[in-house]
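Asker: Output the structure for:
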Amino acid sequence: MRLGHALRAAAGPLAAAGALVLLAVTPALAEPEGRIASLQSVGSTLEIVFTATDLPPDTSLDPASVQVSLDGTALPSAAEPINSRTTTVARTSMLTMDTSGSMKGERLDSAKAAANAYLDSVPGDVSVGLVAFADAASVVVQPTTDRREVRAAVAGLTAVGATALYDATKLSVESLGTAEVRSVVLLTDGQNEGGSTTLEQAVAAVEASGATVDAVAIGTDPALLAPLEAIAAAGNGTVITSTDTAQLTDAFNQAAATITNQLLVTVTPDESQGGLSGNIAVSAQAGPLVVADSAFATLPTVSDPGATGTEYGPQPVPEASGLQTRSGLLPWAIGLLFVGLAILLAIALTTAARARRSTVKSRLSVYSLAGRQPVKEAETSTSLGDSGVARSAVELAGRVVQKRDLEGVLGSKLEAAGLPLKAAEWLLIHVGIAIGLGLVLLLLFGGRLAPALIGLAIGLIAPWVYLSRKESKRTARFLEQMPDTLQLIAGSLSAGYSMPQAVDTVVREGQPPMSTELNRALVETRLGVPMEDALEGIAARMRSEDFAWVVMAIRIQREVGGNLAEVLTTVAATLRERERLRRQVRVLSAEGRLSAWILGLLPVVFAIYLIFVRPEYISLLVTEPLGWVMIIVGAILLLAGVLWLRKAIKVEV
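Answerer: Next comes the predicted model:
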């Protein structure tokens with residue numbers, strides 16, 4: 001587990017090269033300093049990389065003299081040179097060199113000589129990369145242990161153009177990789193000129209990386225050093241100024257010697273010290289000198305000696321990346337939401353305007369020669385607007401609906417739900433919601449694919465659930481109104497009304513959805529459809545067996561005769577009693593239905609929540625074979641439980 005705050009608070013050993021330049025420039029004023037490069041918990045131990053800067057020649061840290069303490073309390077520790085270990089600590093250094101036009105001539109030649117001297121002296125296990133910047137910054141060589149590749153790249157550098165200093169700083173820290181010890185040596189002779197990165201963005205990138213950044217300014221006006229000081233402060237480094245480029249080679253040689261002098265300190269806390277937090281102080285002796293440094297850290301917990309495997313219990317995880325950590329995505333997300341709201345507003349305004357025009361035209365149509373509205377508007381208008389884009393989109397969706405044979409299914413569900421939409425219009429809205437929700441979640445969660453796929457799935461399922469829910473609610477409302485409707489029709493028939501007149505009475509005095517459906521039946525009757533067939537259409541649309549029985553009674557009465565009013569009164573009483581029983585059953589089964597919803601949705605909703613905010617917690621379920629087995633078994637058990645609960649709480653009335 002990396003201790004990010006400790007890495008930022010500690011200074012990096014590799015970037016000590018920049019600080020050693022100060023020794024080369026003013027050796028009499030440089031004071032040796034200790035520096036904690038990294039802190040890392042490995043099992044029950046804490047590994048510390050400790051180094052020293054500005055040591056006199058032929059002087060090294062004594063591993064036997066290393067002492068470690070936590071807030072003044074000594075900790076058991078052991079130290080050894082990193083270069084003597086069989087498995088060394090991963091170390092990466094990035095040389096970032098200014099190749100702008102002002103470096104042409106002696107300055108660039110001296111910088112190349114210093115870089116070559118550094119490559120000759122740096123330990124072989126240290127990966128060294130090269131970033132060059134002029135008008136733009138580029139990674140010339142990725143961090144590698146192949147010194148010939150880096151040396152050849154250094155020899156090919158030429159000076160031309162401006163100084164994209166901030167771009168180079170950000171690119172350097174982003175190219176360091178994931179090594180335990182990372183640093184940047186930034187060499188420049190001027191201030192930033194051009195580039196797309198601001199000083200604030202460069203400083204933020206340095207702070208987020210946890211790497212050490214030391215800056216070397218060659219012949220730079222002291223009044224212009226503020227940006228370099230801000231970058232170095234973010235990387236816990238220093239800014240060194242020099243007017244004598246010939247001293248750069250000696251400075252880089254001493255930087256390589258400092259890297260060679262690093263120690264790996266292993267701290268093994270006892271059971272009483274495990275889990276404590278505080279200032280970790282490390283001191284060591286280098287000849288007659290004593291160097292020290294401190295950083296805030298948390299000691300690892302002590303594992304049970306008899307236990308096997310990794311540590312148990314909750315483990316800290318890296319901060320989840322998302323919109324809050326990727327500020328560049330925020331304008332895109334806001335822009336997308338604005339465009340979506342603008343489209344919805346345009347559709348709403350277009351629909352309202354079309355409705356007003358239709359109302360005005362219907363009022364004026366009686367005064368026209370034809371006495372009716374033009375047919376063209378009815379053929380070209382859509383519920384999404386009258387624009388050419390809306391009509392083209394609906395026509396395209398209509399061809400898809402016809403090709404996939406979805407017209408009957410979607411049309412019947414839309415009619416039963418009471419939505420004034422065509423199947424093509426509903427399909428267009430459905431697909432738009434799915435794609436839009438997936439894209440919004442993709443932006444909000446930093447480009448992660450899992451939230452986008454979940455958003456796409458929700459966008460595909462939610463509209464269909466809404467349509468089914470609206471259909472079931474409208475059907476339930478239709479069944480509730482049926483007994484009173486039959487009673488009203490029976491009373492009208494007893495008063496001497498014909499069947500169409502009795503139905504018209506319900507249309508005028510009833511409420512939707514009953515009045516709406518019966519009005520449609522009357523319109524069909526006026527167009528020549530028999531009354532019984534029109535009423536059977538209502539039973540089919542509402543999927544109501546009860547209303548189908550009513551239609552059957554009406555059809556039998558018309559064929560064989562009888563008192564239809566009395567039959568409808570009896571049917572109304574039967575339906576009223578069934579509705580009472582149905583409501584009683586729903587009340588008695590409410591607890592079971594609520595339990596089924598909670599138990600069925602809780603695992604799914606919680607898994608989606610973890611995917612959004614902490615995917616690290618459940619990543620093993622999709623990266624390990626045992627995880628897939630657990631997912632399959634859990635899904636089967638969950639489905640079996642839901643089906644069993646559904647069977648237990650469903651009572652036919």
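Asker: Look up the closest residue to the residue nearest to the spatial centre of the chain, ignoring the ones flanking it.
Answerer: Geometric centre of the chain, nearest residue: Phe445, 1.6 Å, by CA atoms, centre = their mean. If the residues on either side of it in the chain are set aside, Phe445 comes closest to Pro451, at 4.2 Å by CB to CB, 6 or more residues apart in numbering. Using the backbone N, CA and C atoms, a C-beta is placed for each residue, glycine as well.
Asker: And Leu575, by the same measure?
Answerer: In this structure, Leu575 finds its nearest non-sequential neighbour in Pro483, 4.6 Å apart by CB to CB, 6+ apart.
Asker: in stretch 106-125, what's buried?
Answerer: For stretch 106-125, burial by neighbour count (16 or more other CB atoms under 10 Å) applies to 107-108, 110-119, 122-123.
Asker: can these go into TSV with extra columns for secondary structure, distance to Gln142 and pLDDT?
Answerer: As requested, these are arranged in TSV below (DSSP: H, G, I helix; E, B strand; the rest coil; distance: CB to CB, whole Å; pLDDT from 0 to 100):
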residue	secondary structure	distance to Gln142	pLDDT
Arg107	helix	26	82
Leu108	helix	22	83
Ser110	helix	25	82
Ala111	helix	20	82
Lys112	helix	20	84
Ala113	helix	23	84
Ala114	helix	21	80
Ala115	helix	16	83
Asn116	helix	19	84
Ala117	helix	22	82
Tyr118	helix	17	79
Leu119	helix	15	83
Val122	coil	16	80
Pro123	coil	19	82
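Asker: Closest one of these to Ala64?
Answerer: The shortest distance between Ala64 and any of those, using CB to CB, involves Pro123 and amounts to 21.4 Å.
Asker: For this protein, which residues score under the pLDDT cut-off?
Answerer: Per-residue confidence for the chain (pLDDT under 70) gives these ranges: 1-30, 83-88, 223, 243-255, 258, 303-409, 652-653.
Asker: what does the domain assignment say about it?
Answerer: As recorded under automatic domain parsing, the domains making up the chain are 4-84+261-298, 91-248, 327-447, 472-577, 589-653.
Asker: Buried ones in the host helix or strand of Leu39, by neighbour count?
Answerer: Here Leu39 is covered by strand 33-42, with elements defined by DSSP states H and E. With burial defined by 16+ other CB under 10 Å, the residues of strand 33-42 counted as buried are Glu33, Gly34, Arg35, Ile36, Ala37, Ser38, Leu39, Gln40, Ser41.
Asker: and the last one, what are its bridge partners?
Answerer: I take that to be Ser41. Leu46 (DSSP bridges).
Asker: surely it meets Ile280?
Answerer: No: counting by CB atoms under 8 Å, Ile280 is not a contact partner of Ser41; they are 11.8 Å apart.
Asker: Using TSV, lay out the domains of the chain together with distance to Tyr466.
Answerer: Rendered in TSV, the data for these read as follows (distance: least, CB to CB, whole Å):
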stretch	distance to Tyr466
domain 4-84+261-298	44
domain 91-248	42
domain 327-447	9
domain 472-577	11
domain 589-653	16
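Asker: can you tell which of the ones you listed is closest to Ile461?
Answerer: Between Ile461 and the domains of the chain, the shortest gap by CB to CB is with domain 327-447, which sits at 8.9 Å.
Asker: Can you show me the strands along this protein?
Answerer: According to DSSP state E, the chain carries its strands in the segments 33-42, 45-53, 67-70, 73-75, 77-81, 91-98, 127-133, 137-144, 181-188, 212-218, 239-242, 263-267, 277-286, 289-298.
Asker: out of those strands, nearest to Leu456?
Answerer: Closest to Leu456 of these, according to CB to CB: strand 137-144, at 35.4 Å.
Asker: Quick check: the residue nearest to Phe445 touching Ile611?
Answerer: Yes: the pair formed by Pro451 and Ile611 meets the contact definition of CB under 8 Å, at 6.6 Å.
Asker: Have a look at the two and say which one is more surrounded.
Answerer: Between Pro451 and Ile611, counted using other CB atoms under 10 Å, the more crowded position is Pro451 (23 against 19).
Asker: list the contacts for the more buried one?
Answerer: With contact set as CB atoms under 8 Å, 6 or more residues apart in numbering, Pro451 has these partners: Leu441, Leu442, Leu444, Phe445, Ile611, Phe612.
Asker: Among the residues you listed, which one lies nearest to Ser468?
Answerer: Once CB to CB is applied, the member of the contacts of Pro451 that ends up nearest Ser468 is Leu441, at 23.7 Å.
Asker: Could you pull up the residues touching the residue nearest to that closest one when sequence neighbours are not counted?
Answerer: Counting by CB to CB, 6+ apart, Gly455 is the residue found nearest to Leu441 once chain neighbours are left out, at 3.6 Å. Listed by CB under 8 Å, 6+ apart, the contact partners of Gly455 are Leu437, Gly438, Leu439, Val440, Leu441, Leu442.
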